[in-house]
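**Student:** Predicted model follows, preceded by the sequence.
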Amino acid sequence: MPDTVTTVPAGWALAAAAILGLLATFAAVLDGVFTARAAGAGPSGLTRPFGELARLMRQRRRTTVAADTLLWRIGSSGLLFMALMIVTVVPLGEWTLFDLDVGVIWFNAMDVLAWAFVWLTGWGANSVHSLVGGYRFLAHGLAYELPLMFALVAPAVAASSLNVGTVASAQADLWFVVWMPVAFLVYCTGVVAIAVWGPFTPALGSDIAGGVTAELSGADRLVFQGGRYALLAAGAAFAVPMFLGGGAGPVLPGWAWVLVKTVALLAVFVWLRRRLPAFRPDLFMEVGWLVLLPAVLVQDLLVAVVAAWRA
Amino acid sequence: MGLSDALAKYAVDQAHVLLVELPGHWLTRVAAEQHIRERGWLPVSTPANADVLAVCGTSGPEMTAVVARLWDQMPGPRARVEIDAPHLAAAFDRAEAELLDVGGQQDDSRSRAAVPDGEPHRDEHREVHHGGHHRGGHGGDGKGGDTDQVGRAQHAGMDHHEQGGQGGNDDHGGMDHSGMGHGGHGAREDQDGMERHEHDRQGGMSHGAMGHGGMGHGAMGHGGMGHGGMDHGAMGHGGMDMAPAGIPLAQGGEDRDGLEMDVLHLRMGPVLPHWPAGLVLRSSLQGDLIVDAEVTLVDARLPCDQGDVSYPDVHHRAARRCDNAAGLLALAGWDDAASRARRLRDRLLTDRDARKAAEGLARLHRRIKRAWLLRWSLRGVGLLTEADLARLGLPGHLRGDTCDRLLCMIERATADIAGPDGGSSGASDPVSIVKVCDLVRGLDIATARLVVASLDLDPLPAASEVAHA
């Protein structure tokens, strides 16, 4: 694979958005199928996301008394924005939209926005349940965010660069996932958490009537839920250059390998949702600070020692 | 209209349904869940996401008010049906036809206000109060319906339940000035399922603190007419906006660390998924911590509506256990196991093969036992020792923490279908709902929901049991 990446003209951003859209649709279809299979009756679930799209497009937008409308809308559309911003720095084989010197930091800056967007969605509706949901997300955030940041440090240290393309090409001999598995797992946990997915759904829990989404309807709900799938896809895509060797692989061209690896990781994320019980925020706080953070710091230390020894 | 008709068809293929279970109608709810799933529709937990409002059973006056508010909170296109078990399919067909009727939905949409406001909801109130009078005028009980689980209502005009007769406002007067306790009856209750309730109460309480005597009680306590009154209050306080949109701000109270913290009042139930039908828990929250709680049953004063409550059949009893287990698993966020428990429940109700059912139960039991993540997350939640059980007068099968009780539900179901030799669970004492408030005080909402679900309650009768913690 090439050592450098080529920056493509900005017009290709539309293509990147389309690919992200397809990946998000794939995730939604897969989730629909898994859900239908578990229910054991009714249609296959293959068309569920499309029906949901039609349903929400047709549904009226709803507001609540004394809603903080501006912040509410900003919050509910924010996740989609984050996902779009993340994929701008993910190289598709040899092409990238935005060959940023500090691409890893860019991802980090974007994932922190989830704090604001999810909480604002909970806040804006001016309803108890959605606000409780918003704070549940923040409690999870306190536990996953620092480990996630330190997990991103490991590949950057190993590659001696914050440029995503350079990190990808530094894995020509050995994928980072092989010798920094802890960082990879913590990174995946963080991605699932920023997408408010799987074990991190207490913020949208059925015990609080949908939590952050309790008051969302129509287009607002569509954009929020679509944003969650898109974030999951963007997170999976970003893992490819960081841990899974970027476009490296036999036979297929680099861009195809990036897509294949993204789809595979995304499918695992989607599958996990139904398999795992929710992490209660108060319990996960302990895990985050007492297990994940020390573990990922030790991982960083090992990676730093190896990197120094190699140099 | 070709495109919008096609869109409608596609959208309605997977309509989302908000199921309202009335006390004593759990079998109807279960049948409706099954039917919905077969149609490819989905049950949801909030009116904001619902296209169909399906009421299982016949509602009393309080419940009617709740249902009316839920209906009002649905964004539309929307349809509403009352269902009873034998005519399920027909009712849902009707809902489908209603949703597909583009013209009718447009008319419905035009008849509603675009922006929610704080205007009193006269139809609804009339209805509540009428009910009260018919039943001997217990108008002052202050329980008029703001009991749904969701936050703000939309304030749209209601085009159904037209009733003649005025006088709703007089009723308000009578109720509202008692302020705190009966705050729920303010007109502002239309705005919001729960926060409003808080504000009603707070309104009642706060005026003293604010020391604006004349305006205080007048404007706030009689918040029945609310809106104007509140605005007035806000004006009186100059720059301090004490009542944005007619809702006074929450008041503080000491939290468990002795710090000042806002107190919020939240009603949980009667329409809340995985929650005992008809149960209403009025709680005072600091953050999401329940500092005080009070339990009532909806429409408690009505003559007992038996519904389908009597279920002497052991399979029904076992199915109830599975339903409770499914609810608890869903609250714990383990969707796969919850689906499995629900399928087991449905099988127990339709197919009477005891051996196959026992196998399914054993598999589920093993699976839960092996799930270390679930055990970790439920470990120590709502721990009840022998001494606690004796003190609270709870039955022995509730011993242990929530995880133990979850396993015990499956074991009880297994014992039920094994017949009298297996030590049927039917003989155990029913759990008195009064205990619920003792159990949830000091817990956060998530834990409280888990604990209530773990009590493995039988369907609540519409008894006149009222408790204050």
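**Tutor:** All right, it came through fine.
**Student:** Now the residue nearest to B:L348 when sequence neighbours are not counted: which helix or strand?
**Tutor:** Distances taken as Cβ to Cβ, 6 or more residues apart in numbering or on different chains place B:A319 nearest to B:L348, at 4.1 Å, with adjacent residues excluded. For glycine as for every other residue, the C-beta is placed from the backbone atoms N, C-alpha and C. Applying DSSP states H and E as the criterion places B:A319 in helix B:314-331.
**Student:** on contacts alone, who are the packing partners of that helix?
**Tutor:** Counting contacts by 3 or more Cβ pairs under 8 Å, 6 or more residues apart in numbering or on different chains; DSSP states H and E, helix B:314-331 is packed against helix B:26-39, helix B:335-350, helix B:354-370, helix B:402-417, helix B:445-454.
**Student:** which residues make contact with the last one from outside it?
**Tutor:** Helix B:445-454 is contacted by residues A:132, A:136, A:202, A:205, A:207-208, A:280, B:266, B:268, B:274-276, B:279, B:281, B:283, B:285, B:288, B:290, B:324, B:327-328, B:331-332, B:378, B:381-382, B:398, B:402, B:405-406, B:436, B:439-440, B:443 when judged by Cβ atoms under 8 Å, 6 or more residues apart in numbering or on different chains.
**Student:** just for the chain, where's the confidence low?
**Tutor:** You didn't say which chain, so I picked chain A. A:1-4 (pLDDT under 70).
**Student:** Can you look at chain B instead?
**Tutor:** Screening chain B residue by residue with the criterion pLDDT under 70, one finds the ranges B:1, B:85, B:113-245, B:300-312, B:419-432, B:460-469.
**Student:** and the gap between the closest residue to chain B within the stretch 51-200 of chain A and A:V223?
**Tutor:** Of the stretch 51-200 of chain A, the residue with the smallest distance to chain B, taken as Cβ to the nearest Cβ, is A:S127 at 2.2 Å. Note on A:S127: its distance to A:V223, by Cβ to Cβ, to the nearest Å, is 19 Å.
**Student:** between those two, who's got more neighbours?
**Tutor:** A:S127 (29 against 19; other Cβ atoms under 10 Å in any protein chain shown).
**Student:** which residues does A:W255 contact?
**Tutor:** Neighbouring residues of A:W255 by Cβ under 8 Å, 6+ apart: A:92-95, A:247.
**Student:** Now, of these, which are buried?
**Tutor:** In terms of neighbour count (16 or more other Cβ atoms under 10 Å in any protein chain shown), the buried residues within the contacts of A:W255 are A:92-95, A:247.
**Student:** Closest one to B:H87 out of those, please.
**Tutor:** Closest to B:H87 out of the buried ones among the contacts of A:W255 is A:L92 (55.7 Å), distances taken as Cβ to Cβ.
**Student:** Dig out what the closest one forms beta bridges with.
**Tutor:** Applying DSSP bridges to A:L92 gives these bridge partners: A:W95.
**Student:** Quick check: it touching A:V260?
**Tutor:** No - taking Cβ atoms under 8 Å as the definition, A:L92 is not a contact partner of A:V260, at 11.9 Å.
**Student:** Which residue ranges of the chain form strands?
**Tutor:** Assuming you mean chain A. Counting by DSSP state E, chain A forms strands over residues A:6-7, A:95-96, given from the N-terminal end onward.
**Student:** Correction: the question concerned chain B.
**Tutor:** Under the criterion DSSP E, strands of chain B are mapped to B:16-21, B:42-43, B:52-56, B:79-83, B:252-254, B:260-262, B:264-268, B:279-286, B:289-297, B:467-468.
**Student:** counting contacts, what elements does the first one pack onto?
**Tutor:** Just to be clear, that refers to strand B:16-21. Based on contacts counted as 3+ Cβ pairs under 8 Å, 6+ apart, the elements that strand B:16-21 packs against are helix B:26-39, strand B:42-43, strand B:52-56, helix B:61-73.
**Student:** ok, 7 Å please
**Tutor:** Of the remaining helices and strands, those touching strand B:16-21 by 3 or more Cβ pairs under 7 Å, 6 or more residues apart in numbering or on different chains; DSSP states H and E are helix B:26-39, strand B:42-43, strand B:52-56.
**Student:** Same question for the longest one.
**Tutor:** For strand B:289-297, the helices and strands in contact under the criterion 3+ Cβ pairs under 7 Å, 6+ apart are strand B:279-286, helix B:435-440, strand B:467-468.
**Student:** buried sites along that strand?
**Tutor:** Judged by neighbour count (16+ other Cβ under 10 Å), strand B:289-297 contains these buried residues: B:289-297.
**Student:** And those, which is closest to B:D101?
**Tutor:** Here the nearest of the buried residues of strand B:289-297 to B:D101, counting by Cβ to Cβ, is B:L297; it sits at 37.0 Å.
**Student:** That closest one reaches B:P276, doesn't it?
**Tutor:** No - at 9.3 Å, B:L297 does not count as touching B:P276 under the criterion of Cβ atoms under 7 Å.
**Student:** Quick one: residues in contact with the helix holding B:A319.
**Tutor:** Under the contact criterion Cβ atoms under 7 Å, 6 or more residues apart in numbering or on different chains, helix B:314-331 has outside partners A:206-207, B:30, B:274, B:311, B:337-338, B:341-342, B:344-345, B:348-349, B:352, B:406, B:409-410, B:412-413, B:416-417, B:419, B:424-426, B:449-450, B:453-454, B:456, B:458.
**Student:** ok, now how distant is the closest residue to A:V270 other than its chain neighbours from A:A267?
**Tutor:** Spatially, and ignoring its direct neighbours in sequence, A:V270 is nearest to A:L30 (4.7 Å; Cβ to Cβ, 6+ apart). Applying Cβ to Cβ, one obtains 6 Å for the distance of A:L30 from A:A267.
**Student:** One more: B:V30?
**Tutor:** Spatial separation of B:V30 from A:A267 under the definition Cβ to Cβ is 33 Å.
**Student:** Name the residues of the stretch 1-150 of chain A found near chain B, please.
**Tutor:** Counting by Cβ under 7 Å from any Cβ of the partner chain, the residues of the stretch 1-150 of chain A close to chain B are A:38-43, A:48, A:51-52, A:54-55, A:57-60, A:62-66, A:125-130, A:132, A:135.
**Student:** in the stretch 201-350 of chain B, what residue is nearest chain A?
**Tutor:** Counting by Cβ to the nearest Cβ, the stretch 201-350 of chain B gets nearest to chain A through B:G333 (2.6 Å).
**Student:** What's the local residue count around that residue?
**Tutor:** Counted with other Cβ under 10 Å, the burial measure for B:G333 works out to 27 neighbours.
**Student:** which residues touch the residue lying closest to it once chain neighbours are set aside?
**Tutor:** Counting by Cβ to Cβ, 6+ apart, A:A278 is the residue found nearest to B:G333 once chain neighbours are left out, at 2.6 Å. Contacts of A:A278 were listed using Cβ under 7 Å, 6+ apart, and they are A:199, A:201-202, A:205, B:332-333.
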